[in-house]
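>>> need coordinates for the following:
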Amino acid sequence: MEIFNATNLIYILGGFVKTVEISVLSIICSVILGTVLALIKSYAPRPFRWLVSAYIELFRCTPNLLWILFIYFTVQGIDIFISTLAFTLFTSAVMAEIVRAGLNAIPAGQFEAARSQGFGFVATMRYIILPQTFRTITPALFGQCTTVIKDSSYLSGINVAEFMYTTNVVMAHAIALDQVLMLYGFVFALYFALNFGISLLVRRYQRKAIAA
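Alright, predicted model coming up:
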């Protein structure tokens, strides 16, 4: 049996598309929530900082797969919602620390200059601090993006039809070792191409930043 027939390829690539969709949604939501958490931890009153610190440590010190399973058994919804929620809760804790490191790298003089020009806290963050922060942390953010894409393979354990799941379904019909190796090679190639493409974008950005 030809393992790479049109039906199997369409099915596998459908899983790859779902992997990309879940990863993109998770990354966007995690960056937004992580930024909010970083701002709270850096500038909010102490009780709020304690709560955010507890949240961050809880998720950073426990496995992502544990939260995927927890969300799967406790939250009702379509698989893309459950998957995005699980990854957002976990990844936002990592993103918060990345953003906070970027905030700490901004010289205090930037805040003083903003106040001298009449900027309030929100305007200072929006127009001065956060743009500089995100320029600084872009490589780290993209690095976390590749982690999310790779970790999306955990979702096959809860029967989400992402890339690894659809590949394993097709692999169950393989009748020879060379077919199994070809499928694994195909998975390797697509994961590598996607993540290496992101790495190239980061390198290009860094070169432009240095040149500027």
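
>>> just how off-centre is the longest helix anywhere in the chain within its chain?
Ordering each helix of the chain by length in residues (DSSP state H) puts helix 6-43 first. From the chain centre to the centre of helix 6-43 is a distance of 6 Å (C-alpha atoms, centre = their mean, to the nearest Å).

>>> so after that helix, what's the next helix or strand?
Counting by DSSP states H and E, the next helix or strand C-terminal to helix 6-43 is helix 46-60.

>>> by how many degrees do that following helix and helix 6-43 diverge?
Here helix 46-60 runs at an angle of 150 degrees relative to helix 6-43 (axes from the mean of the first three to the mean of the last three C-alpha atoms, to 10 degrees).

>>> pLDDT on whichever helix or strand comes after helix 46-60, on average?
Moving toward the C-terminus from helix 46-60, the next helix or strand (DSSP H and E) is helix 64-74. For helix 64-74, the mean pLDDT works out to 91.

>>> mind listing residues that contact helix 64-74?
Counting contacts by C-beta atoms under 8 Å, 6 or more residues apart in numbering, the residues outside helix 64-74 that touch it are 59, 82-83, 85-87, 89-90, 151, 154-155, 157-158. (Glycine included, C-beta is placed from N, CA and C.)

>>> got the buried residues for the helix or strand following it?
Remark: after helix 64-74, the chain's next helix or strand is helix 79-104, criterion DSSP H and E. Across helix 79-104, burial judged by 16 or more other C-beta atoms under 10 Å covers 79-80, 82-100, 102-103.

>>> same for the lowest-mean-pLDDT helix or strand in the chain, what does it pack against?
Of the helices and strands making up the chain, the lowest-confidence element is helix 108-116, at a mean of 83, by mean pLDDT, DSSP states H and E. With contacts defined as 3 or more C-beta pairs under 8 Å, 6 or more residues apart in numbering; DSSP states H and E, the packing partners of helix 108-116 are helix 121-124.

>>> packing partners for the helix it packs on?
Contacts defined by 3+ C-beta pairs under 8 Å, 6+ apart place helix 121-124 against helix 108-116.

>>> mind listing what's buried along the helix it packs on?
Residues of helix 108-116 classed as buried: Phe111, Ala114 (neighbour count, 16+ other C-beta under 10 Å).
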